[in-house]
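Visitor: with the sequence up front, the predicted model follows.
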Amino acid sequence: MAGQPKYNTALYIRLSKDDGTMSESSSIQTQKEMLTRYCRENGFAISQIYIDDGWSGTNTNRPSFQRMLSDIEDGKINCVITKDLSRLGRNYLETGSFTEIYFPEHNVRYIAVTDGVDTAKGSTMDITPFKNLLNDMYAQDISKKIKSSLLTRQKQGKFIGTKAPYGYVKDPADKNHLLIDKRFAPTVRYIFKLAKDGIGITQIARQLRSEKVPRPVAAAAEELECYDRYLTTEESIYKWSMGSVREILRNPVYKGAVRGQKRPKISLKSEKRKPVQSAGTFVVEGMHEPIIDPEEWELVQRLITSRKKTRKVEKKYDNIFSGLVKCADCGFAMTFTKAHRNWNSENIYANYDYQCNNYRMEGKSVCTHHRITALNLYNAVLADIKRLACEALGDDKQMISAIAARLGKSEKENVRKAERELKRANKRLSELDRLFAKLYEEHVNGKVNERNYNSLSASYENEQTELECRISELNAAIKAERENDENAVNFVDLIKQYADIDELSQALLNTLIDRIEVHEPVDVDGEFIQKLDVYYKFVGRLD
């Protein structure tokens with residue numbers, strides 16, 4: 001080993017469900033032991049250990065992987081070692097770009113131990129592109145098998161969700177089977193009783209809040225910490241929504257059935273999923289003990305459906321603003337209702353209003369109505385779109401410059417704050433990597449017993465996971481802040497297309513707009529003025 005350059009070596013370890021059988025030969029622990037032994041036998045000093053547990057090889061936006069690339073670019077790492085090429089990734093184009101372009105350009109030696117790949121030995125690289133292609137094909141094959149396996153299990157009536165539905169827990173002896181949760185099942189029965197007594201969903205939600213009954217997310221937070229972010233105050237524990245009540249009343253799980261659905265990703269290398277189609281939904285009966293008698297469940301379904309039918313109006317209102325209209329003061333959705341007026345305009349939009357759903361549910365103690373007619377909303381949004389479109393057609397360069405300047409006002413400080421936090425997070429993550437490596441060495445040498453090793457290792461891994469999630473969020477935020485110029489160009493190019501429109505559609509609104517905030521009307525010299533804030537895609541609000 002005399003004359004070998006000094007290497008600051010990184011071990012990169014990855015494991016996910018796309019590894020098929022998840023055999024012991026590929027486990028995180030086994031990879032650590034194999035690579036540590038390889039480094040010891042070949043004279044490599046380990047500087048960092050990067051671990052992505054549960055991340056697919058088709059996705060290169062893995063937290064630890066991205067952190068490793070950042071350390072490479074900072075000159076901290078000049079040698080990367082993995083168990084095999086597939087640990088680096090299973091997308092043959094992206095993996096090939098790392099082995100053939102990125103690593104050489106950054107003077108990084110790359111070694112895949114079991115594949116015999118070593119960029120310092122040119123002859124070993126001849127077969128590498130073919131191995132990358134095989135790994136890509138393997139990933140696609142495994143993905144198909146996993147999807148098929150999950151669908152098969154669903155059709156067998158097995159529950160495959162991350163968390164059990166409200167009122168149930170996973171069977172410790174069989175995670176695909178549900179058991180009644182005695183803590184929350186009475187609430188489910190109570191909700192169905194209220195519905196059977198003819199009480200509507202809105203009133204049920206209001207009653208549950210007034211009685212301070214913990215909502216489903218509060219139950220979920222007891223099992224999974226990620227739900228804690230929805231429980232910021234004592235009041236939020238009991239803030240039932242109509243959607244939560246409706247989901248419970250409509251879910252066949254409470255009559256002992258399991259509901260399955262096909263919702264595949266657009267492609268293997270995309271995280272976006274196709275919308276659920278009714279044809280892709282199925283129900284398997286009699287899979288676990290019901291909380292609600294099946295006959296009672298069916299009765300409630302008929303009652304809910306009949307209530308909906310009685311509320312139908314002669315003219316159908318197409319709610320093209322669905323999901324977009326929010327209360328400017330409390331942030332709740334604005335729901336549309338039939339207007340209580342004595343006249344019936346030929347324009348269907350004149351017969352409907354939008355009002356704050358928080359006010360509708362709780363009254364003036366929490367908010368005000370913020371009522372706006374659908375017609376006024378429609379006309380105001382149409383006028384604003386046409387105004388911006390005409391500005392873009394008149395002088396697109398000036399408009400791009402103005403938008404970018406406005407977006408950039410807060411960019412500098414936001415980026416500075418995010419970068420400071422990112423630096424602290426990365427520093428701590430590096431410390432954890434060193435602690436991990438030291439802990440493992442001490443364990444191998446018998447200085448740390450198995451119990452303490454497992455306890456400390458679990459603690460380090462939990463902290464790593466939390467830090468990696470936060471780092472990913474910060475990187476995304478910084479990237480977004482720095483894309484102002486590009487966003488301004490994208491928006492101006494988009495809005496130009498709508499200068500001649502004379503009517504709105506749901507597709508058009510969802511293409512252009514993120515949300516619309518409605519303010520409470522204000523009396524100005526005897527005239528009520530109501531302000532709207534329209535937040536557009538890419539650029540936000542443009543006054």
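Guide: On my side now, so go ahead. Residues are numbered from 1 along each chain as shown.
Visitor: distance of the closest residue to residue 71 other than its chain neighbours from residue 45?
Guide: Take residue 71 and drop its neighbours on the chain: the residue closest to it by Cβ to Cβ, 6 or more residues apart in numbering is residue 77, 4.9 Å away. For the C-beta atoms, the positions are set from N, CA and C on the backbone; glycine is no exception. According to Cβ to Cβ, to the nearest Å, residue 77 stands 12 Å off from residue 45.
Visitor: residue 245 now?
Guide: 60 Å.
Visitor: more crowded one of the two?
Guide: The neighbour comparison of residue 245 against residue 45 (other Cβ atoms under 10 Å) goes to residue 245, with 24 against 11.
Visitor: show the contacting residues for that one.
Guide: Contacts of residue 245 were listed using Cβ atoms under 8 Å, 6 or more residues apart in numbering, and they are 191, 201, 204, 205, 208.
Visitor: so how far is residue 540 from the closest residue in space to residue 63 that isn't next to it in sequence?
Guide: Excluding the flanking residues, the one nearest residue 63 by Cβ to Cβ, 6+ apart is residue 468, at 3.4 Å. According to Cβ to Cβ, residue 468 stands 29 Å off from residue 540.
Visitor: who's more crowded, those two?
Guide: Between residue 468 and residue 540, residue 468 has the larger neighbour count (other Cβ under 10 Å), namely 22 against 16.
Visitor: for the more buried one, list the residues it contacts.
Guide: Residue 468 sits in contact with 63, 64, 67, 429, where contact means Cβ under 8 Å, 6+ apart.
Visitor: of these, which belong to helices?
Guide: The helices, defined by DSSP state H, take in 63, 64, 67, 429 from the contacts of residue 468.
Visitor: ok, how many other residues are close to the closest residue to the last one other than its chain neighbours?
Guide: Sequence neighbours aside, residue 467 is the residue nearest to residue 429 in space, at 5.0 Å (criterion: Cβ to Cβ, 6+ apart). A total of 19 residues lie near residue 467 under the criterion other Cβ under 10 Å.
Visitor: please, which helix or strand holds residue 467?
Guide: Secondary structure assignment for residue 467, by DSSP states H and E: helix 450-481.
Visitor: tell me the angle the helix or strand just after that helix makes with helix 450-481.
Guide: Counting by DSSP H and E, the next helix or strand C-terminal to helix 450-481 is helix 484-495. If you take axes from the mean of the first three to the mean of the last three Cα atoms, to 10 degrees, helix 484-495 sits at 60 degrees to helix 450-481.
Visitor: quick one: distance of the following helix or strand past helix 484-495 to the chain centre.
Guide: Next along the chain after helix 484-495, taking DSSP H and E as the criterion, comes helix 506-512. Centroid displacement of helix 506-512 relative to its chain, using Cα atoms, centre = their mean, to the nearest Å, is 22 Å.
Visitor: what do you get for stretch 395-403?
Guide: The answer for stretch 395-403 is 33 Å, by Cα atoms, centre = their mean.
Visitor: got the buried residues for it?
Guide: 396, 399, 400, 403 (16 or more other Cβ atoms under 10 Å).
Visitor: narrow these to those in helices?
Guide: 396, 399, 400, 403.
Visitor: C-terminal to the helix or strand bottoming out on mean pLDDT in the chain, what's the next element?
Guide: Least confident helix or strand of the chain, by mean pLDDT, DSSP states H and E, is helix 128-155 with a mean of 49. Using DSSP H and E, the next helix or strand after helix 128-155 towards the C-terminus is strand 168-171.
Visitor: for that next one, name the packing helices and strands.
Guide: strand 174-180 (3 or more Cβ pairs under 8 Å, 6 or more residues apart in numbering; DSSP states H and E).
Visitor: strands paired with the strand it packs on, and their directions?
Guide: strand 168-171 (antiparallel) (DSSP bridges).
Visitor: who's in contact with the partner strand?
Guide: Contact with strand 168-171 is made by 159, 164, 177, 178, 179, 180, 181, 185, 253, 288, 291, as judged by Cβ under 8 Å, 6+ apart.
Visitor: for those, which one is nearest residue 510?
Guide: Nearest to residue 510 among the contacts of strand 168-171 is residue 253, at 31.0 Å by Cβ to Cβ.
Visitor: I'd say that closest one and residue 188 touch.
Guide: No: the pair residue 253 and residue 188 does not pass the contact test of Cβ atoms under 8 Å, sitting 9.7 Å apart.
Visitor: tell me the confidence at the residue nearest to residue 429?
Guide: What the model reports as pLDDT for residue 467 is 77.
Visitor: quick check: residue 36 is in a helix.
Guide: Yes: assessed by DSSP: H, G, I helix; E, B strand; the rest coil, residue 36 belongs to a helix.
Visitor: tally up the residues packed near it, please.
Guide: Count around residue 36 with other Cβ under 10 Å applied: 19.
Visitor: show the contacting residues for it.
Guide: Listed by Cβ under 8 Å, 6+ apart, the contact set of residue 36 reads 11, 46, 440, 441, 444.
Visitor: what does residue 372 give?
Guide: Neighbouring residues of residue 372 by Cβ under 8 Å, 6+ apart: 334, 353, 354, 355, 518, 521, 530, 532.
Visitor: and for residue 238?
Guide: Going by Cβ under 8 Å, 6+ apart, residue 238 touches 208, 209, 212, 213, 214, 215, 218.
Visitor: now these: which count as buried?
Guide: For those, buried by 16+ other Cβ under 10 Å: 208, 209, 213, 214, 215, 218.
Visitor: and the gap between the closest residue in space to the first one that isn't next to it in sequence and residue 246?
Guide: Spelled out, that is residue 208. The shortest distance from residue 208 to any residue other than its chain neighbours is 4.4 Å, reached at residue 240 (Cβ to Cβ, 6+ apart). As for residue 240, its distance to residue 246 is 11 Å (criterion: Cβ to Cβ).
Visitor: and these two? Which one has more around it.
Guide: Higher neighbour count among residue 240 and residue 246: residue 240, with 24 against 15, using other Cβ under 10 Å.
Visitor: wait, that one touches residue 203, no?
Guide: No: counting by Cβ under 8 Å, residue 240 does not reach residue 203; the two are 11.2 Å apart.
Visitor: my guess is residue 540 contacts residue 488. True?
Guide: No: with contact defined as Cβ under 8 Å, residue 540 does not count as touching residue 488 (10.9 Å).
Visitor: okay, and the common contacts of the two?
Guide: residue 407.
Visitor: quick check, pLDDT for residue 370.
Guide: 91.
Visitor: what kind of secondary structure is it in?
Guide: Counting by three-state DSSP, the backbone at residue 370 sits in coil.
Visitor: so it makes contact with residue 518?
Guide: Yes: counting by Cβ under 8 Å, residue 518 is a contact partner of residue 370 at 5.2 Å.
Visitor: now do the shared contacts for the two.
Guide: Shared contacts of residue 370 and residue 518 (Cβ under 8 Å, 6+ apart): 327, 328, 334, 354, 356.
Visitor: so the fourth one bridges to which residues?
Guide: So the one you mean is residue 354. With DSSP bridges as the rule, residue 354 is bridged to residue 336, residue 372.
Visitor: who's in contact with the closest residue to residue 391 other than its chain neighbours?
Guide: Among residues not flanking residue 391 along the chain, residue 399 sits closest, at 5.5 Å (Cβ to Cβ, 6+ apart). By Cβ under 8 Å, 6+ apart, the residues touching residue 399 are 391, 392, 488, 492.
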